[in-house]
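Q: Got a predicted structure here, sequence first:
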Amino acid sequence: SAPLRFKMSRSRANGSAQAKDWLQEDRRLQKRAEAQGRLVQDFYRQSQARTEGVDEVYSLWSELTGRHHGHQREIGGQLDALRTSFGTLKATLERALGVAGSEENPHALDLDEKGIQELLERLEARIREFKSHMRAEYADLMEQEGILSREIVAFQQRSATWEKESPEELAARMRRERRDVAEAKAPDAGPQETGIEGKKDAESADGVSSAAPAKTRRQVADIDHQIERLGGAYGGWHAREHEAFLRLWTKIFGLPHTGADLRRDKGRKRLRALTDAAATVLFERSREEVRDYAEWYVEFLSLQQRKKDAIAKWREDTRKAQEEAKRKEEEHYVNLHPTPTPEALRRQQQEAEAKKRKLKKWHEAKLKKEEEGKKAREENERRKRMEELRRRKNFQAKKEKLAAHQLMKEREREAEERRRVLMARMNPTERRVDLSERVRSDLDKARAKGRDAQLKASGQTTPSREVLQKRVLDDLTRRALNGDESTTSEDCVAKHASAPQVRMAWLGVTRDASRATGGTHAWQRREYSEAELDRREEHRERAGAHDRMIPLGARDRIFVGRAVPSWRQGIS
């Protein structure tokens, strides 16, 4: 069926991909092993004549190579078994698909599917087992490769050091190392357990203070020299080897590290466990070397503990000496300054109280000064804020005033434009005559309603017909030029009829009503010819009239010029 074919193709693809990955991993491991082999062979050829221990490294490399070939053969066998299983599975599936669905055996497919499922499960289990085994082997090979690389580097450094030494120095160093090892194995009486550690700024390189006695410094130096003769901080091993040894020691003996750990080891069981574990980590060291190194480490811990105890003892002695010196100094001070008398105590108390009062007064003055400074700063800030606010208000007022002025100018320009358009469209004579008639009619109506009686009752005089007519005409003309058509002539009559009469008795003249209906100079230039204008000008000059069109009856009067209505100002 289709699901079974899909499952078979997917299993086939997964098996092919896993086999391809295994082959690639095998080739990569083989290349790395060959590279390590070439490195070891090159190193062996270079240092064979002048170094020792290369045979050990070469044997290790040979062992690793043999193990690698063995793993390769094992992987090849597993791959062959996998191919065989895959062929068996393929044949079984083909047989199941060929037989299934026929009329002779319609249920053969179901039976074979169970067998195929079991076969696939066993195959997947073997694949998982093989992958886990490969991972473990790969991790083991990587760890061994890292150890081998570190050992090669350490051996190269050691070889470089040996190359710089002359044969005499090499022989002397070997004799010194053998003697140190022999002395380390012998019972050690050691110097007296006195040592010292000072502070970082007052200590020398060995931890002994420069203020300590020469005998103490010499004893601590002997202990340090003994540690150096035993191999130093690492006992003649490399730092990496020492760290690996400490990890094994901590794993087996625990923390903290003390010499009593090995002495309490009955039957040397823990020591044997340590040597067994070191055989897998420190494979370049034999069991005897690991055992000797463990004994050295115990002796090293003992010397370190002796040094710490000596340092602690010196510190305790120093502390006691300082306390004793302080006590003597206090006794000396008491002897020099005996107990004061009650009068002296009273005087001292008064002086202390006076100092306290003075200090309190100074503190209060300081607080007051700070408060005054704070208030002055706040006042200054408030004044600055007010000035800034005032400045902003002034600026805003000027800005609004300028905007209003500009708006007024704009309206005046618009009114002037409307006035010009209006004057160009209407007949001036007819317009004024009609306006005069309407004003007279409205004035008669207002007087008929009793407006005069109200004015008299309020103590005001009734304006004359000519004055009221002029006021109403001026108001209506100004409103018409500004485009205000909502105000009627009746409103203007009611407004100006209630205004008090302005008497001109001190001038001795009356207002000329004909000026309100007369045309302007510009209108006259448009309406009359040049000859007519010249004739009118000559007539005015002969009559002796004022240039502001003052009536002829007032030509002999001396007074300030007649006021020009606001709606006529600026009109040429």
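A: The structure has been received and is ready for your questions. Residues are numbered from 1 along each chain as shown.

Q: Burial check on residue 525, number of neighbours?
A: If you count neighbours by other CB atoms under 10 Å, residue 525 ends up with 13. C-beta coordinates here come from the backbone N, C-alpha and C atoms, glycine included.

Q: separation between it and residue 281?
A: Shown here: residue 525 relative to residue 281, a distance of 128 Å by CB to CB, to the nearest Å.

Q: so what are the domain limits for this protein?
A: Per automatic domain parsing, the domain ranges recorded for the chain read 2-167, 187-335, 426-543.

Q: Helices of the stretch 301-450 of the chain, residue ranges please.
A: 342-425, 428-448 (DSSP state H, counting those that start in this stretch).

Q: cool, the stretch 1-150 of the chain as well?
A: 2-47, 54-99, 108-164.

Q: separation between residue 365 and residue 358?
A: Separation of residue 365 from residue 358 (CB to CB): 11 Å.

Q: And for residue 23?
A: Separation of residue 23 from residue 358 (CB to CB): 97 Å.

Q: if we can go back for a sec, okay, the helices of the stretch 1-150 of the chain in TSV with mean pLDDT next?
A: Below are these laid out as TSV (pLDDT from 0 to 100):
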stretch	mean pLDDT
helix 2-47	68
helix 54-99	74
helix 108-164	77
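
Q: and residue 392, which of these is closest to it?
A: Closest to residue 392 of those, according to CB to CB: helix 108-164, at 79.0 Å.

Q: Show me what that closest one is packed up against.
A: When contacts are defined as 3 or more CB pairs under 8 Å, 6 or more residues apart in numbering; DSSP states H and E, helix 108-164 packs onto helix 2-47, helix 54-99, helix 239-253.

Q: Apply 6 Å and report the result again.
A: helix 54-99 (3 or more CB pairs under 6 Å, 6 or more residues apart in numbering; DSSP states H and E).

Q: quick one: low-confidence parts of the stretch 351-500 of the chain?
A: Judged by pLDDT under 70, the stretch 351-500 of the chain has its weakly predicted residues at 422-469, 480-490, 493-500.

Q: and the closest residue to residue 227 other than its chain neighbours, how many neighbours does it have?
A: Leaving aside its sequence neighbours, residue 227 sits nearest to residue 303 (CB to CB, 6 or more residues apart in numbering; 5.5 Å). Around residue 303 there are 18 other residues, counting by other CB under 10 Å.

Q: okay if I get the helices of the stretch 1-150 of the chain as JSON lines plus distance to residue 294 and mean neighbour count?
A: Formatted as JSON lines, these follow (distance: least, CB to CB, whole Å; neighbours: other CB atoms under 10 Å):
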{"stretch": "helix 2-47", "distance to residue 294": "30", "mean neighbour count": "14"}
{"stretch": "helix 54-99", "distance to residue 294": "21", "mean neighbour count": "14"}
{"stretch": "helix 108-164", "distance to residue 294": "20", "mean neighbour count": "14"}
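
Q: Now that we have those helices, can you turn them into JSON lines and tack on distance to residue 535?
A: Below are the helices of the stretch 1-150 of the chain laid out as JSON lines (distance: least, CB to CB, whole Å):
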{"stretch": "helix 2-47", "distance to residue 535": "127"}
{"stretch": "helix 54-99", "distance to residue 535": "137"}
{"stretch": "helix 108-164", "distance to residue 535": "133"}
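
Q: quick one, which of those helices is nearest to residue 533?
A: Comparing those against residue 533 with CB to CB, the closest turns out to be helix 2-47 (119.8 Å).

Q: still on that earlier bit, residue 353: which of the helices of the stretch 1-150 of the chain is closest?
A: Nearest of the helices of the stretch 1-150 of the chain (CB to CB): helix 108-164, 77.9 Å.

Q: The closest one versus helix 54-99: what angle between them?
A: If you take axes from the mean of the first three to the mean of the last three CA atoms, to 10 degrees, helix 108-164 sits at 170 degrees to helix 54-99.

Q: Kindly calculate the angle that helix 108-164 makes with helix 239-253.
A: Orientation of helix 108-164 against helix 239-253 (the same axes, to 10 degrees) gives an angle of 120 degrees.

Q: returning to that earlier point: nearest to residue 286, of the helices of the stretch 1-150 of the chain?
A: helix 54-99 (10.2 Å).

Q: who does that closest one touch, helix- and strand-wise?
A: Against helix 54-99 (3+ CB pairs under 6 Å, 6+ apart) you get helix 2-47, helix 108-164.

Q: between those, which gets nearest to residue 344?
A: Each of the helices and strands packed on helix 54-99 has some distance to residue 344 by CB to CB; the shortest is helix 108-164, at 78.2 Å.

Q: residue ranges with poor pLDDT in the stretch 151-300 of the chain?
A: Ranges of the stretch 151-300 of the chain meeting pLDDT under 70: 170, 174, 177-218, 256, 259-267.

Q: Quick one: closest of the helices of the stretch 1-150 of the chain to residue 472.
A: That would be helix 2-47 among the helices of the stretch 1-150 of the chain, by CB to CB, at 111.5 Å.

Q: What backbone torsions are found at residue 238?
A: phi -80, psi 160 (degrees, to the nearest 10).

Q: for residue 284, that is, sorry about that
A: The phi and psi values for residue 284, taken as degrees, to the nearest 10, are phi -80, psi -10.
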